[in-house]
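1. quick one: sequence and predicted model below, then my questions.
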Number of protein chains: 4
Amino acid sequence: MNRVSVIYHSETGNTQKMAELICEGILAGGCEAKIMSVDDLDREYIKESKSVLFGSPTYYGTMSWKMKRLMDTFPVKLEGKLGAPFASAAWKGGGGYELTEIALISGMLIRGMMIYSGGVVTGMPPTHFGAVSAASPEGFDADRCIKLGRNIGVKVNELWPVHI
Amino acid sequence: MNRVSVIYHSETGNTQKMAELICEGILAGGCEAKIMSVDDLDREYIKESKSVLFGSPTYYGTMSWKMKRLMDTFPVKLEGKLGAPFASAAWKGGGGYELTEIALISGMLIRGMMIYSGGVVTGMPPTHFGAVSAASPEGFDADRCIKLGRNIGVKVNELWPVHI
Amino acid sequence: MNRVSVIYHSETGNTQKMAELICEGILAGGCEAKIMSVDDLDREYIKESKSVLFGSPTYYGTMSWKMKRLMDTFPVKLEGKLGAPFASAAWKGGGGYELTEIALISGMLIRGMMIYSGGVVTGMPPTHFGAVSAASPEGFDADRCIKLGRNIGVKVNELWPVHI
Amino acid sequence: MNRVSVIYHSETGNTQKMAELICEGILAGGCEAKIMSVDDLDREYIKESKSVLFGSPTYYGTMSWKMKRLMDTFPVKLEGKLGAPFASAAWKGGGGYELTEIALISGMLIRGMMIYSGGVVTGMPPTHFGAVSAASPEGFDADRCIKLGRNIGVKVNELWPVHI
């Protein structure tokens, strides 16, 4: 079974809850998944993962400094893996969670990853650049997390078919 | 009385309604204001304005091409004026309205404007980079429009005091 | 042989020259390629392409309105294709060509594409988010165009192996 | 005399050299200026400053985590002050220094600052969103630093005239 790592930083638990919902979606998409906090990486699992997602709360318009520190010093090669971002914010849009997503995407591209979200073409709800949530993911925001996970799971198995 | 121009592109009416709410806020902040569609600029009013705001719907992750065309060919000097962006989107965050704001800010800075939103320090609701709205501005989104207008009106009168 | 479409808008010829260099790289990477201006799309070729690249000059801090118009109205489904951006600007960095790249990436993600540049991990020169050029691509800027094309060509053949 | 604070993070000395050139420009523009590393802030000077500039190297596509940590925890109120960003990168454009500038601008707007660069309308060289430099600032990149400083110094004295 293909593996996916879901790495997050969370102070309030909102981004962690997003990570959990995304994992649920990845399983539904047909892959294995493991969530890890920035402080507790499973390097072996990441190495074996076909895809790695990064999620951060939004502080002052972009990712938190703890997530940035991880991006600046990431200890495992990510080259060729599929990536996607997710981000929470205290507010209903407008506070920078999209900019957090773009900053995560930028870092992942620089490290040689491919980025994929599914955008608006894989059915509802849309997952334009990844998944975002205003505070704790409920309703539409929760659905987007699950959908992003599912999109990633399905795409991973399409790119790297598992022969049984 | 100091003047402020509020320029928008709108297909569905959502961004136009944002412009109207912003004008309401500008008046409350103590300035005159005029809203104009991208197709119907009042150049004389813009010239005399101390501040110019630009608003666009979000198409495919950033401003509409009609608003971009206006930014690329804007016929009035904007140098030294105070600017702020506003943006609507079809979705509850995550679809690019923040990126629309940033693209508008970028264009305004290049044209020599000063950018101001008030951020999170002028009381509730916050107006991080400007004002955003999911579809038609209601409730919190409407409040942010009015607040942005008010922040701009107040700041204009602070920077360029009107002596009676 | 896998096909790649390279679509550009160019007024001065700089972005067109970038497109030509990128094609050179794609061929070196083992795929077929065709360049097309925004005004002259070969829809059949795009449909058959495994990858589509978009390139634009930078006007007022992001893509030109003619490229934006194309992004807003693109007539061919791009879902599942591999994408990458390229951008020229009048200046040596700082004028917005990176923001043009990010805006193109955003639009491609929303349309369901996967984004890949190779970043800094495929050898010199680096192609962080795609390829950029200050005015006409020469030296380092030309090398980045060729490298981006090569990275895309190699990745396309890796993802969709051609069996002879 | 109006005061301006120039705050930077620098590992290699490149961003520090930018800060020094910017100070030179601020003096030429008619204000006092003081440069400070992220590790050694002069809070009293910042409080008294009419303008505060932030500069960072570019790591993995946006500001360094040490600069982000400062933005997340900044100990002095910045409300109403004039701001501008500057950023270095290891490469000739394309590696993210514009994205560093935008991320700094985003944080400054959220904290209630006004942003100003002078863009392309204050004479050569242009300073689109602030100042950028490929590695150590030389030639054109050094000129942009000095010009940004001068633009800020002049604007500060225009907004807050000093009566002798």
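-> Everything's here; your move.
2. and the residue of chain A nearest chain B?
-> Minimum separation of chain A from chain B (Cβ to the nearest Cβ) falls at A:G93, amounting to 2.8 Å. Any C-beta I mention is one placed from the backbone N, CA and C, and that applies to glycine too.
3. residues touching that residue, list them.
-> Counting by Cβ atoms under 8 Å, 6 or more residues apart in numbering or on different chains, A:G93 touches A:132, A:134, B:92-94, B:97-98, B:132, B:134.
4. type out the PyMOL command that picks the buried ones from those residues.
-> If you want just the buried ones from these in PyMOL, going by 16 or more other Cβ atoms under 10 Å in any protein chain shown, the selection is:
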select buried, (chain A and resi 132+134) or (chain B and resi 92+93+94+97+98+132+134)
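5. give me the buried positions along stretch A:146-161.
-> So for stretch A:146-161, counting by 16+ other Cβ under 10 Å, buried means A:146-157, A:159.
6. can you check which helix is longest in chain A?
-> helix A:139-159 (DSSP state H).
7. near chain B, which residues of chain A show up?
-> A:61, A:91-99, A:101-102, A:126-132, A:134, A:140-141, A:144 (Cβ under 8 Å from any Cβ of the partner chain).
8. what's the helix or strand for the residue nearest the centre of chain A?
-> In chain A, the residue lying closest to the centroid (Cα atoms, centre = their mean) is A:L53, at 3.2 Å. Following DSSP states H and E, one finds A:L53 within strand A:51-59.
9. right, is that strand up against chain C?
-> No - using Cβ under 8 Å from any Cβ, strand A:51-59 stays clear of chain C, with a minimum separation of 11.3 Å.
10. pairing partners for that strand, with directions?
-> strand A:3-8 (parallel), strand A:62-63 (antiparallel), strand A:82-89 (parallel) (DSSP bridges).
11. want to throw the ones you listed into CSV with mean pLDDT and mean neighbour count?
-> Below are the strands paired with strand A:51-59 laid out as CSV (pLDDT from 0 to 100; neighbours: other Cβ atoms under 10 Å in any protein chain shown):
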stretch, mean pLDDT, mean neighbour count
strand A:3-8, 98, 25
strand A:62-63, 98, 33
strand A:82-89, 98, 29
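12. residue ranges with poor pLDDT in chain A?
-> A:164 (pLDDT under 70).
13. repeat that with 80
-> A:163-164 (pLDDT under 80).
14. which one of the strands paired with strand A:51-59 lies closest to D:M108?
-> strand A:62-63 (12.0 Å; Cβ to Cβ).
15. could I get the longest helix of chain A in CSV with only the CA atoms?
-> Taking C-alpha atoms only, helix A:139-159 is exported to CSV below (Å, rounded to 0.1, in the frame of the first residue of the first chain):
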residue,chain,number,x,y,z
GLY,A,139,-18.8,21.5,7.9
PHE,A,140,-17.5,22.8,4.6
ASP,A,141,-14.0,23.2,5.9
ALA,A,142,-14.0,19.6,7.3
ASP,A,143,-15.3,18.4,4.0
ARG,A,144,-12.5,20.1,2.1
CYS,A,145,-9.9,18.4,4.4
ILE,A,146,-11.3,15.0,3.7
LYS,A,147,-11.6,15.8,0.0
LEU,A,148,-8.0,16.9,-0.2
GLY,A,149,-6.9,13.7,1.4
ARG,A,150,-9.0,11.6,-0.9
ASN,A,151,-7.6,13.5,-4.0
ILE,A,152,-4.1,12.9,-2.9
GLY,A,153,-4.7,9.2,-2.1
VAL,A,154,-6.3,8.6,-5.5
LYS,A,155,-3.6,10.5,-7.4
VAL,A,156,-0.8,8.6,-5.6
ASN,A,157,-2.3,5.3,-6.6
GLU,A,158,-2.7,6.5,-10.1
LEU,A,159,0.9,7.7,-10.4
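16. now that helix, how far from the chain's geometric center?
-> Relative to its chain's centre, helix A:139-159 lies at 10 Å (Cα atoms, centre = their mean, to the nearest Å).
17. just want the angle from that helix to strand A:3-8.
-> 150 degrees (axes from the mean of the first three to the mean of the last three Cα atoms, to 10 degrees).
18. before we move on, the earlier item: ok, the residue nearest to the centre of chain A - contacts?
-> A:4-7, A:19, A:22, A:83-86, A:130, A:148, A:152.
19. if we go to 6 Å?
-> Neighbouring residues of A:L53 by Cβ atoms under 6 Å, 6 or more residues apart in numbering or on different chains: A:6, A:84.
20. go on, A:G112?
-> Per Cβ under 6 Å, 6+ apart, neighbours of A:G112: A:79, C:119, C:121.
21. would you mind listing which of those are buried?
-> Buried, going by 16+ other Cβ under 10 Å: C:G119, out of the contacts of A:G112.
22. which ones among the contacts of A:G112 come in contact with chain D?
-> Contacts with chain D within those, as defined by Cβ under 6 Å from any Cβ of the partner chain: none are present.
23. could I get the contacts of A:G112 as CSV with secondary structure and distance to B:G13?
-> Shown next, in CSV, are the contacts of A:G112 (DSSP: H, G, I helix; E, B strand; the rest coil; distance: Cβ to Cβ, whole Å):
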residue, secondary structure, distance to B:G13
A:E79, coil, 47
C:G119, strand, 42
C:V121, coil, 47
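24. name the residues of chain A found near chain C, please.
-> So chain A meets chain C at A:79, A:109-112, A:114-117, A:119-121, A:128-129 (Cβ under 6 Å from any Cβ).
25. quick one: residues contacting A:A134.
-> A:K92.
26. an error on my part: the question was meant for A:F129.
-> A:101, A:117, C:109.
27. which one (most neighbours) among the residues you listed?
-> A:E101 (33 neighbours; other Cβ atoms under 10 Å in any protein chain shown).
28. may I ask which helix or strand encompasses that one?
-> Using DSSP H and E, A:E101 falls in helix A:97-110.
29. does the next helix or strand after that helix reach chain D?
-> Counting by DSSP H and E, the element after helix A:97-110 in chain order, helix or strand, is strand A:114-115. No - using Cβ under 6 Å from any Cβ, strand A:114-115 never reaches chain D; the gap is at least 12.2 Å.
30. contact partners of strand A:114-115?
-> A:82-83, A:105, C:114-116.
31. how distant is the helix or strand that comes right after that strand from the center of its chain?
-> Downstream of strand A:114-115, the first helix or strand assigned by DSSP H and E is strand A:131-134. Taking the mean of its C-alpha atoms, strand A:131-134 sits 11 Å from the chain's own mean (Cα atoms, centre = their mean).
32. strands paired with strand A:131-134, and their directions?
-> By DSSP bridges, strand A:131-134 pairs with strand A:82-89 (parallel).
33. which residues touch A:P85?
-> Applying Cβ under 6 Å, 6+ apart, the residues near A:P85 are A:54, A:101, A:104-105, A:130.
34. recalculate using a threshold of 10 Å.
-> A:53-56, A:63, A:97-98, A:100-108, A:115, A:117, A:129-132, A:148 (Cβ atoms under 10 Å, 6 or more residues apart in numbering or on different chains).
35. now do A:D143
-> A:D143 neighbours (Cβ under 10 Å, 6+ apart): A:21, A:25, A:124-125, A:127, A:131, A:137.
36. show me which residues of chain A sit near chain D.
-> Residues of chain A lying close to chain D by Cβ under 10 Å from any Cβ of the partner chain are A:58-74, A:95-96, A:99-100, A:102-111.
37. picking up where we left off before, surely the residue of chain A closest to chain B is within a helix?
-> No - A:G93: not assigned to a helix; according to DSSP: H, G, I helix; E, B strand; the rest coil it is coil.
38. with chain C as the reference, measure out to it.
-> Per Cβ to the nearest Cβ, to the nearest Å, A:G93 is found 16 Å from chain C.
39. could I get the contacts of A:F129 as TSV with distance to C:V38?
-> Listed next are the contacts of A:F129 as TSV, based on distance: Cβ to Cβ, whole Å:
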residue	distance to C:V38
A:E101	27
A:S117	25
C:L109	20
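40. nearest to chain D among the residues you listed?
-> For the contacts of A:F129, the nearest to chain D is A:E101 (12.2 Å; Cβ to the nearest Cβ).
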